[in-house]
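[1] Predicted coordinates and the sequence they were generated for:
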Amino acid sequence: MELDLLTLGLLALAALLAGFIDAIAGGGGLITVPALLATGMPPTMALATNKLQSSFGSFSASLYYLRRGLIDWRTMKWAVACTFAGSMLGTLLVQRIDASLLQKVLPFLLAAFALYFLFSPRIGDEDRHRRLSMLPFALLVGTGVGFYDGFFGPGTGSFFALGFIALAGFSMARATAHTKLLNFTSNIASLLFFILGGQVAWIAGLSMALGQFLGARLGSRMVVTRGTTIIRPMLVTVSLVMSVRLLWQQYPEWFAWMG
């Protein structure tokens, strides 16, 4: 698909903003997927290209967190493996099953997550009691959320963050760092199948990749320097915005009075 230089530049700027937000709280797809669809891309191609550019952002954030000691690779190997497998299975299955039920339920789940992050007094900059060891966590959260990301996608970062905080006992900053590692894993797994299907718009995706990489680096620095003071409000805001947007798509009659 051929796009002019101005359009490619605007896509790169959208990706930079999305990468910044994604590195802190997830939800960058709220910006990049509509931007790609606005170019006239078919939905499948837009989703595939979004996976390409978001892989660069999640890689940039993961690398930054890893270098600053926020990611313990040795304890995450099973979670990475399970996330990769789950994402591959989800990507294969979504081609055969209608995802409309998830579309209808997801807004309410995201709203519930936002309320959890907003009102839970125990989430902070310190680790707390772990409810699951890493192998059961990998099988439950890694496989489950990885599958979800390959199957549908929106809110994946919120699912991972909630799992790390509520089940693994991670602090908010540490949960954010490990979320990006698993997000990168699921992105790559899903991207491989889109590439095999010939769905990726490479020029647009690589143009956005530069913006994603830079935006993710800036967002990661913000997490390291400001910690909970920025992560909690961003998680709440992104989850609520995603919830409202999905409700608008699935239940437009609820918003008819506004028009």
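    Received the coordinates, thanks. Residues are numbered from 1 along each chain as shown.
[2] alpha carbons only for contacts and neighbour counts from here, please
    OK.
[3] I'd assumed residue 69 was in contact with residue 174.
    No: counting by Cα atoms under 8 Å, residue 174 stays clear of residue 69, with 9.5 Å between them.
[4] Comparing the two, which residue is more hemmed in?
    Higher neighbour count among residue 174 and residue 69: residue 174, with 24 against 11, using other Cα atoms under 10 Å.
[5] Show the contacting residues for the more buried one.
    Contact analysis of residue 174 by Cα atoms under 8 Å, 6 or more residues apart in numbering lists 70-71.
[6] Now it: which helix or strand?
    Here residue 174 sits within helix 172-196, counting by DSSP states H and E.
[7] Centre of the chain to that helix, how far?
    Relative to the chain's own centre, helix 172-196 is displaced by 7 Å; criterion: Cα atoms, centre = their mean, to the nearest Å.
[8] Just the buried residues of it, please?
    172-194 (16 or more other Cα atoms under 10 Å).
[9] I'd like the average pLDDT over it.
    On average, the pLDDT along helix 172-196 is 91.
[10] how close does the residue nearest the centre of the chain sit to residue 199?
    Closest residue to the average C-alpha location of the chain: residue 157 at 4.1 Å, with Cα atoms, centre = their mean. As judged by Cα to Cα, to the nearest Å, residue 157 and residue 199 stand 24 Å apart.
[11] Quick one: name whatever helix or strand follows the lowest-mean-pLDDT helix or strand in the chain.
    The helix or strand with the lowest mean pLDDT-type score in the chain, counting by mean pLDDT, DSSP states H and E, is helix 100-119 (a mean of 69). Moving toward the C-terminus from helix 100-119, the next helix or strand (DSSP H and E) is helix 134-137.
[12] pLDDT below threshold where in this protein?
    Along the chain, the model assigns pLDDT under 70 to residues 1, 94-95, 97-103, 106, 113, 116-117, 120-128, 154, 227-228, 256-259.
[13] Can you name the residues that contact residue 47?
    Contacts of residue 47 by Cα under 8 Å, 6+ apart are residue 33.
[14] actually residue 168, not the one I wrote
    129-134, 137.
[15] Kindly recompute the last result at 10 Å.
    127-134, 137, 161-162, 175 (Cα atoms under 10 Å, 6 or more residues apart in numbering).
[16] Restricting the selection to alpha carbons, write the helix or strand containing residue 159 to CSV.
    Under the criterion of DSSP H and E, residue 159 resides in helix 156-166. Taking C-alpha atoms only, helix 156-166 is exported to CSV below (Å, rounded to 0.1, in the frame of the first residue of the first chain):
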residue,chain,number,x,y,z
THR,A,156,-3.6,-6.6,27.2
GLY,A,157,-1.3,-4.4,29.2
SER,A,158,-4.0,-3.9,31.8
PHE,A,159,-4.4,-7.7,32.1
PHE,A,160,-0.7,-8.3,32.5
ALA,A,161,-0.3,-5.5,35.0
LEU,A,162,-3.2,-6.6,37.1
GLY,A,163,-1.7,-10.2,37.1
PHE,A,164,1.7,-9.0,38.2
ILE,A,165,0.3,-6.8,41.0
ALA,A,166,-2.5,-9.0,42.3
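[17] And for residue 150, the neighbour number?
    By other Cα under 10 Å, 28 other residues sit near residue 150.
[18] what does residue 171 give?
    The burial count for residue 171: 22, using other Cα under 10 Å.
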